[in-house]
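**Student:** Below are the sequence and a predicted model for it; my questions follow.
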Amino acid sequence: MSGTYLGMPAFPEAAAKSTQDTQLRGNLRHATHTIRAKRAVAVAELDDWPQLRAAGAAVKDRTLRHLDHYLEQLETAVTAAGGVVHWAADAAEANRIVTDLVRATGETEVVKVKSMATQEIGLNEALAEAGIHAYETDLAELIVQLGDDLPSHILVPAIHKNRSEIRDIFTERMGDWGRAAPAGLSDEPADLADAARLHLREKFLRAKVAISGANFMVAETGTLVVLESEGNGRMCLTLPETLISVVGIEKTIPTWRDLEIYLQTLPRSSTAERMNPYTSTWTGTTEGDGPQTFHLVLLDNGRTDTLADTVGRQALRCIRCSACLNVCPVYERAGGHAYGSAYPGPIGAILTPQLRGTASALDASLPYASTLCGACYEVCPVAIDIPEVLVHLRERVVEGGAVTLRGTRAVIKPAKGHAAERAAMRAARWTLDHPAALRAGQRLAARTRRLHPARLPGPGRAWSATRELPAVPAESFRDWWQRTRGEGKNT
Amino acid sequence: MSHPNPVSRPGGASSRERVLGRIRRALADVPRDELPGSVPLDRDYLRVHGTRTPEQTADLLAVHLADYRALVHRCPADGLAELIATLLAERGARSAVVPDGLPDSWLTALTGVELVADTLALTARELDAVDSVVTGCAVAVAETGTIVLDGSAGQGRRRITLVPDHHICVVLAPGQIVDSIPEAMERLDPARPLTWISGPSATSDIELDRVEGVHGPRTLEVILVGEPAR
């Protein structure tokens, strides 16, 4: 595993491999089941969870329906408070803006707060090309970075590693990046956390530039909000002289008061805590306290394309809690890497194909990385109907149609791989419209049922490779009804 | 709009227009006369979960703070200086940073503790060598076990409650304690930099098991002051 998502195989191939990894399966099962049970307890403490969930969805919908208005309001407020606002239409532009901003400071090192947006745009790689070292400071991101690995979970990017694997990474790699791990490091989580504390402290104390994302941006006040646990976020947000925050445009909420909803739902849904240990809010710059230069980079990178889809836009409500990952039977078995983007699990399966489009085999396969069981929708604290969007995106992949790609309306062709499925559906439609043909077909199928193969031949092979063919009954329902209850029969 | 930032490129303004233009085209289904505030939003969630007396609210705060491994102490107002001195002594602290505006009366019982002022000149490295920090707070939230600092008098710059490994935070009961997050939001000024603290720093990054103590203070002691004697 090297640190890029480019050129990754489609979900079925990646999952076929990852599901054979018993270590990974064990790690994921343990972690997801632990958090699942805890989350249920934390959520049950609030009698008004359904109301909070509905309000959380409504605030996001209100924002999304008037996103231009709220972004302009946000820009005005941030600027008035001493911040500088930049707009980035895509990943390349965002990376260029951040690289230039870091260069302007004369620094060649930055410390980073865990951020999905910067993972999405590949910022670390872009900075490295410019000769700038970006140090991840979240414990899990550190594990991933030291291990030359990729994140596999939104909240806990190193969820695929267990404690002894983490100990090995720290022991082998920390010395290459700075302060080495203490000799004889155990695999106790407390000792591992302590090793990270020592390793990163020197970086925090000398850092001049920090890069963060944000969980929320309040339009009316220009306030940014970061929720975290370890204190690495606070270190990055307060010690350096320059702070650059890269934030997706959909992270906007209209008012300060709206935050009261998410501060109740996000921690409980995410880490299953009443409240995460640290939440920082800042509005522009504050004289004499924290960074005196603040840049906000507003990132589109496919979000406006997603917004253009009236069914799919609900994915932009996501507050990245990761509850949907932790309950998903597919995620639990396949792991996060199979989803081939910064956003794994059910939310990734609907977000990635919308942000990137469905042109690649991987992105076109993501809407199928689900059993449609609906557990993700049930736990979602902003009520994203993930199964609805999955089905919608499957239709887009199979049928093609009008979409928005990088801001331009386009018509995509039906995916080639689904020609057989489309032909089968057309045949089914014709047959169901012709009762005589249906009856004849059913009788023929019933009489020949002993001869049916276990696997379909030809184009049907792929379909039956992962499915049992349904058994054909000796008599069709229609014939049975005719025989037992049909005209002339008394019940 | 003009950017004061010297590295801002000429393309910056056009990207702004491009993104806003994309948004407007994406929202073609939204009626032109729909006002942002008219999109329905029911705030029928609870303002407070349950009904409590101020004493019960303070009790709940203490329980919830302790749940996340904060050490909770209680004392009457006239016992505060003594308690702070005891806690620093038990910790073995030789130095403590104190913010501007911290009441002098809180520190009258200290012996053998060097007090470090929270000044602009204090570097992060110097701060790293300080053992403890003593502050007040802006508000405390019982339902979540949270204390909030807003940088006003007695609370200091954000970094002083971050770099030292031991934080003593004084909460004046019942005045500074609210029941819920919605009540806290009303009391806080978003223009100030806020730090919400719920227990010492922690991580769930290893196997999703919670471990206390990563980068922030590994020991958080909260003193609830001035409750009625019981």
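**Tutor:** Thanks, I have the structure now.
**Student:** Which residue, other than its chain neighbours, is closest to the residue in chain A positioned nearest to chain B?
**Tutor:** Per CB to the nearest CB, residue A:231 is where chain A lies closest to chain B, at 2.9 Å. Where C-beta positions appear, they are placed from N, C-alpha and C, glycine not excepted. Using CB to CB, 6 or more residues apart in numbering or on different chains and skipping the chain neighbours, the partner closest in space to residue A:231 is residue B:216 (2.9 Å).
**Student:** Doesn't the one you found lie inside a helix?
**Tutor:** No: counting by DSSP: H, G, I helix; E, B strand; the rest coil, one finds residue B:216 to be coil, located in no helix.
**Student:** after the lowest-mean-pLDDT helix or strand in chain B, next one along is what?
**Tutor:** One helix or strand of chain B scores below all others by mean pLDDT, DSSP states H and E: strand B:209-212, with a mean of 81. Following strand B:209-212 in sequence order, the next helix or strand is strand B:219-225 (DSSP states H and E).
**Student:** Just the CA atoms of that next one, as CSV, please.
**Tutor:** Extracted in CSV, the C-alpha atoms of strand B:219-225 (Å, rounded to 0.1, in the frame of the first residue of the first chain):
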residue,chain,number,x,y,z
THR,B,219,-4.4,15.6,34.2
LEU,B,220,-7.4,17.9,34.4
GLU,B,221,-8.6,18.9,37.9
VAL,B,222,-11.8,20.8,38.2
ILE,B,223,-12.8,22.6,41.4
LEU,B,224,-16.4,23.4,41.9
VAL,B,225,-16.5,26.3,44.3
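**Student:** which of the residues in that strand are buried?
**Tutor:** When neighbours are counted by 16 or more other CB atoms under 10 Å in any protein chain shown, the buried residues of strand B:219-225 are found to be B:219-225.
**Student:** Go through these and say which is closest to chain A.
**Tutor:** residue B:220 (9.0 Å).
**Student:** Need the contact partners of the lengthiest helix in chain A.
**Tutor:** Residue-count comparison of every helix in chain A, with assignments taken from DSSP state H, identifies helix A:22-44 as the longest. The set of residues that contact helix A:22-44 without belonging to it, under CB atoms under 8 Å, 6 or more residues apart in numbering or on different chains, is A:18-19, A:49, A:156, A:159-162, A:267-269, A:271-274, A:323, A:325-327, A:331-333, A:335, A:379, B:204, B:207-209.
**Student:** which of these are buried?
**Tutor:** For the contacts of helix A:22-44, buried by 16+ other CB under 10 Å: A:18, A:49, A:156, A:159-162, A:267-269, A:271-274, A:323, A:325-327, A:331-332, A:335, A:379, B:204, B:207-208.
**Student:** mind listing which of the residues you listed are in strands?
**Tutor:** Taking DSSP state E, the ones among the buried ones among the contacts of helix A:22-44 that sit in strands are residue B:204.
**Student:** Mind checking which of the buried ones among the contacts of helix A:22-44 land in helices?
**Tutor:** Where the buried ones among the contacts of helix A:22-44 overlap with helices, as defined by DSSP H, the overlap consists of A:18, A:49, A:267-269, A:323, A:325-327, A:331-332, A:379.
**Student:** pretty sure residue B:87 is touching residue B:168, no?
**Tutor:** Yes: in this structure, residue B:87 sits in contact with residue B:168. The criterion is CB atoms under 8 Å, and the distance is 5.8 Å.
**Student:** re earlier: also near chain A: which of the buried residues of strand B:219-225, exactly?
**Tutor:** Filtering the buried residues of strand B:219-225 for proximity to chain A (criterion: CB under 8 Å from any CB of the partner chain) leaves nothing.
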